[in-house]
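J.: quick one: sequence and predicted model below, then my questions.
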Amino acid sequence: MAIVKSGKVVIILAGRHAGKKAVVIKNIEDGNDDKRFSHCLVAGIARGPRKVTRGMSKKKVEKRSRTMKPFVKYVNVRHVFPTRYQVDMDLKKAVDEADLVGDKKVEVKKTLKKIFEDKYLNQKSATSEKKAAGSNYFFQKLRF
């Protein structure tokens, strides 16, 4: 499964967040003691930013971008659809695997929300044109 690497934008196919976009943080190829199947840790957007038009003020754009709601979870590799896009968000530092239980998960989601908002408001400052296209795709609503 060399296709699903960290930083890859994927679409969740099954479960509560089906049809939502996420970014792969870590890929576990052969599974582990807890999950005996190949799976990956993903962070995605449960509720995206609201629509923004050119005529809106900067203050209103920032307010509308605060509606984002992130999620973090382990997903079976068979339940994700990899896209051609890559994102250059540094999520490994924000999401520690030990923090995904209990009250610490709320803090992880808060830091993710901050990272997603910053990236959404500063999409032009990507390292390459390919990564800029990936972040642009990640924050657009999926039409189906």
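T.: In hand now; what should we look at?

J.: please make it C-alpha for all contacts and neighbour counts, starting now.
T.: OK.

J.: which helix runs longest in the chain?
T.: Criterion DSSP state H: the longest helix present in the chain is helix 104-121.

J.: contacts for it, please.
T.: Here helix 104-121 makes contact (Cα atoms under 8 Å, 6 or more residues apart in numbering) with 43, 62, 65-66, 68-72, 89, 91, 94-95, 99-100, 135, 139.

J.: so which of these are in strands?
T.: Among these, the members falling in strands (DSSP state E) are 43, 69-72.

J.: distance of Lys104 relative to Lys69?
T.: Lys104 sits 16 Å away from Lys69, going by Cα to Cα, to the nearest Å.

J.: sorry, that was for Val108
T.: Taking Cα to Cα, one finds Val108 at 12 Å from Lys69.

J.: which one of Lys104 and Lys69 has more residues nearby?
T.: Comparing Lys104 with Lys69 by other Cα atoms under 10 Å, the one with more neighbours is Lys69, at 17 against 13.

J.: now the more buried one. Nearest residue, chain neighbours left out?
T.: Closest residue in space to Lys69, ignoring its immediate chain neighbours: Arg47 at 5.0 Å, by Cα to Cα, 6 or more residues apart in numbering.

J.: and the lowest-mean-pLDDT helix or strand in the chain, what does it pack against?
T.: Using mean pLDDT, DSSP states H and E, helix 129-139 stands out as the lowest-scoring helix or strand of the chain, at a mean of 87. With contacts taken as 3 or more Cα pairs under 8 Å, 6 or more residues apart in numbering; DSSP states H and E, helix 129-139 sits against strand 80-86, helix 104-121.
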